[in-house]
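Asker: Let me see the structure of the following:
(one chain, ligands or ions: 3)
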Amino acid sequence: MKYQAINPQLYIDNRSRFAKKLKPGSIAVFNSNDIMPTGADGSMMFIQNTDIFYLCGIDQEESILVVFPDAKEEANREVLFLKETNEHIAVWEGHKYTKEEAMAASGIRKIYWMKDFSSVFNALMCEAENVYLNTNEHLRAVVEVQTRDARFVKFCKERYPLHSYKRSAPIMHELRAIKSKYEVEVMQKACDITEKGFRRLLGFVKPGIMEYEIEAELVHEFVRNRSRGFAYGPIVASGASACVLHYTDNNKECKAGDVILLDVAAEYANYASDLSRSLPVNGKFTVRQKAVYNAVLRVMRAAIKMLVPGNNIIDYHKVVGKIMEAELIELGLLNKNDVAKQNPDAPLYKKYYMHGTSHFLGLDVHDVGSRYRPFEAGMVFTCEPGIYIPEENLGIRLEDDILITENGPVNLMANIPIEADEIEKLMAD
Ligand code: GLY
Ligand code: MN
Ligand code: MN
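Answerer: Ligands and ions are numbered 1, 2, ... in the order given. Below is the predicted model:
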């Protein structure tokens with residue numbers, strides 16, 4: 001891993017919170033992700049399963065975490081199983097956790113090699129009544145491959161059919177929605193690395209540059225600051241491409257007069273940041289581009305003010321929609337009379353602003369958390385309004401990451417330039 005060691009208290013606290021949510025007599029099992037194959041003997045870069053990482057900080061394939069708060073022997077209450085390293089693995093793949101290192105990273109005292117899993121787990125299951133297993137539950141997840149967690153569900157239910165099975169996912173969603181101070185520190189670091197990448201672009205973007213050259217600048221800056229790279233597929237979309245919401249080709253030339261929509265951010269220690277900015281290719285917005293830009297910025301600032309405890313995302317999105325509607329009328333994109341007659345279930349503003357304003361952010365970019373839960377201190381949301389006008393070859397989105405606190409919203413990206421005039425000035429310097 002490139003990142004610096006994380007305080008293991010984060011994981012100790014997370015496990016303790018998780019354990020308190022289990023029914024008496026329960027054991028819970030979390031698996032790492034697989035290393036995904038490509039072709040021949042190739043494989044994708046390993047990315048840890050975010051739930052096991054959240055609970056123990058172990059960032060390695062072929063790992064299993066068992067949490068069993070009511071185990072008769074105290075030593076069995078938190079147990080980790082790891083891939084046993086050896087000289088061959090050390091030579092071909094490099095370093096893997098020793099037991100001592102895994103203990104230091106996770107705060108777990110009982111560490112076994114994976115070869116002991118069957119017998120140790122079998123003994124623990126003889127003591128357990130309920131088994132909490134992990135499933136990837138996300139409204140928009142479309143997962144066709146079977147994960148290690150999914151394989152384990154199958155194995156466990158076949159081998160131990162008379163235990164009572166429960167889902168860990170609702171508990172994980174509840175816990176992960178609230179970020180601890182350690183997590184906020186790590187997320188701030190991801191945002192700070194993103195800022196470095198963005199600032200680097202201000203002196204780099206000019207007419208004739210290719211979108212992929214911008215992507216390359218960013219990855220250079222992210223990796224040299226201990227990030228693994230982008231937190232999600234980077235969007236570097238100039239001109240009309242900005243109206244393709246999930247554009248990731250990044251293969252066009254940036255032309256004078258166009259605006260580039262950048263939705264690009266670094267991960268750090270498996271935590272995501274999520275940034276969008278829009279830059280004029282030649283360093284100066286046209287009057288029209290600036291008007292649209294400032295409309296988006298006003299919506300964003302009004303929305304951020306509503307990211308406070310007690311509000312909720314459903315009402316929030318409705319209010320943001322009304323604010324956006326007024327801006328679109330002002331820009332001449334919507335007609336006031338048409339809006340007055342619109343079907344409230346299909347508001348006209350969606351023609352130019354068709355996505356949501358905020359999502360949970362954390363270990364996953366579209367992090368887990370319930371949309372029915374009112375905002376609470378410790379939640380981190382993005383705020384990302386946009387206006388997309390294909391007929392003008394123009395799409396503008398602005399996106400910051402906001403921590404909800406009892407004392408009001410805290411913008412983790414407050415230092416990243418956003419005012420149109422400031423962007424122009426920095427591009428001119
Ligand atoms: N970058 C993904 C998003 O903004 O939701
Ligand atoms: Mn984004
Ligand atoms: Mn986002």
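Asker: Local confidence estimate at the residue of the stretch 301-429 of the chain found nearest ligand 3?
Answerer: Closest to ligand 3 within the stretch 301-429 of the chain is Thr382: 4.0 Å, counting by C-beta to the ion. Quick note: C-beta positions are derived from backbone N, CA and C, even for glycine. With respect to pLDDT, Thr382 scores 98.
Asker: same thing with Leu139?
Answerer: Predicted confidence (pLDDT) at Leu139: the value is 87.
Asker: now swap in Val91 and tell me
Answerer: 85.
Asker: Repeat that for Asp429.
Answerer: pLDDT, Asp429: 88.
Asker: Spatially nearest residue to it (excluding sequence neighbours)?
Answerer: Gly203 (7.2 Å; C-beta to C-beta, 6 or more residues apart in numbering).
Asker: I'd say the residue of the stretch 301-429 of the chain closest to ligand 3 and Leu398 touch.
Answerer: No: Thr382 lies out of contact with Leu398 (C-beta atoms under 8 Å); the separation is 10.5 Å.
Asker: then the helix or strand of the chain with the lowest mean pLDDT to PDB, C-alphas only?
Answerer: Lowest by mean pLDDT, DSSP states H and E among the helices and strands of the chain is helix 87-92, with a mean of 84. Provided in PDB are the C-alpha atoms of helix 87-92 (Å, rounded to 0.1, in the frame of the first residue of the first chain):
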ATOM      1  CA  GLU A  87       9.600 -17.200   0.400                       C
ATOM      2  CA  HIS A  88       8.200 -17.900  -3.000                       C
ATOM      3  CA  ILE A  89       5.300 -15.400  -2.500                       C
ATOM      4  CA  ALA A  90       7.800 -12.900  -1.200                       C
ATOM      5  CA  VAL A  91      10.000 -13.200  -4.300                       C
ATOM      6  CA  TRP A  92       7.200 -13.200  -6.900                       C
END
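Asker: in the following helix or strand past it, what's buried?
Answerer: With elements assigned by DSSP states H and E, the helix or strand that comes after helix 87-92 is helix 99-106. Within helix 99-106, the residues that count as buried by 16 or more other C-beta atoms under 10 Å are Lys99, Ala102, Met103, Ala105, Ser106.
Asker: Could you do stretch 392-405 as well?
Answerer: Within stretch 392-405, the residues scored as buried using 16+ other C-beta under 10 Å are 392-405.
Asker: as a whole number, average confidence for that stretch?
Answerer: Computed over stretch 392-405, the mean pLDDT rounds to 98.
Asker: ok now that stretch, how far from the chain's centre?
Answerer: 15 Å (C-alpha atoms, centre = their mean, to the nearest Å).
Asker: Just the endpoints, please. Distance across that stretch?
Answerer: Terminal residues of stretch 392-405 lie 39 Å apart, using C-alpha to C-alpha, to the nearest Å.
Asker: same question, stretch 86-99
Answerer: 13 Å.
Asker: residues in contact with it?
Answerer: The contact list for stretch 86-99 (C-beta atoms under 8 Å, 6 or more residues apart in numbering) reads Ile58, Gln60, Leu82, Lys83, Thr85, Ala105, Ile111.
Asker: can you tell me which of those residues are in helices?
Answerer: Ala105 (DSSP state H).
Asker: which of the contacts of stretch 86-99 has the most neighbours?
Answerer: Within the contacts of stretch 86-99, Ile58 tops the neighbour count with 26 neighbours, counted by other C-beta atoms under 10 Å.
Asker: Is that one in contact with Glu101, as I believe?
Answerer: No: using C-beta under 8 Å, Ile58 makes no contact with Glu101, being 9.7 Å away.
Asker: list the helices and strands the longest helix seen in the chain packs on?
Answerer: For the chain, the longest helix by residue count, based on DSSP H, is helix 181-202. The contact analysis (3 or more C-beta pairs under 8 Å, 6 or more residues apart in numbering; DSSP states H and E) places helix 181-202 against helix 9-20, helix 211-223, strand 267-268, strand 271-272, strand 276-280, strand 400-403, helix 420-428.
Asker: residues contacting Tyr112?
Answerer: Contact partners of Tyr112, counting by C-beta under 8 Å, 6+ apart, are Val79, Leu80, Phe81, Leu82, Val120.
Asker: And the pLDDT for it?
Answerer: Reported pLDDT for Tyr112: 97.
Asker: State the pair within the buried residues of stretch 392-405 that is farthest apart.
Answerer: Farthest pair in the buried residues of stretch 392-405 (C-beta to C-beta) is Asn393 and Thr405. Separation: 39.6 Å.
Asker: Buried residues, stretch 129-137. List them.
Answerer: For stretch 129-137, by 16+ other C-beta under 10 Å, it's Asn130, Val131, Tyr132, Leu133, Asn134.
Asker: Mind checking which of those residues are in strands?
Answerer: Judged by DSSP state E, the buried residues of stretch 129-137 include Asn130, Val131, Tyr132, Leu133 as members of strands.
Asker: Would you enumerate the residues in contact with Glu78?
Answerer: Glu78 neighbours (C-beta under 8 Å, 6+ apart): Arg15, Leu65, Val66, Val67, Phe68, Ile108, Arg109, Lys110.
Asker: Is there a quick ChimeraX command that grabs whichever of those residues are buried?
Answerer: Burial among the contacts of Glu78 is assessed by 16+ other C-beta under 10 Å; the matching ChimeraX selection reads:
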select :15,65,66,67,68,108,110
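Asker: How about the residues of the chain by ligand 2?
Answerer: Contact residues, the chain versus ligand 2 (C-beta under 5 Å from the ion): Asp263, Asp274, Glu399.
Asker: any chance of these in a markdown table, with distance to Arg298 too?
Answerer: Shown next, in a markdown table, are the residues of the chain next to ligand 2 (distance: C-beta to C-beta, whole Å):
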| residue | distance to Arg298 |
| --- | --- |
| Asp263 | 20 |
| Asp274 | 21 |
| Glu399 | 15 |
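Asker: now, which of those residues sits nearest Asp192?
Answerer: Using C-beta to C-beta, the residues of the chain next to ligand 2 come closest to Asp192 at Asp274, 13.9 Å.
Asker: Now do the closest one against Val320, distance only.
Answerer: Asp274 sits 17 Å away from Val320 when distances are taken as C-beta to C-beta, to the nearest Å.
Asker: neighbour count winner among these two?
Answerer: Between Asp274 and Val320, counting by other C-beta under 10 Å, Asp274 is the more crowded of the two (28 against 23).
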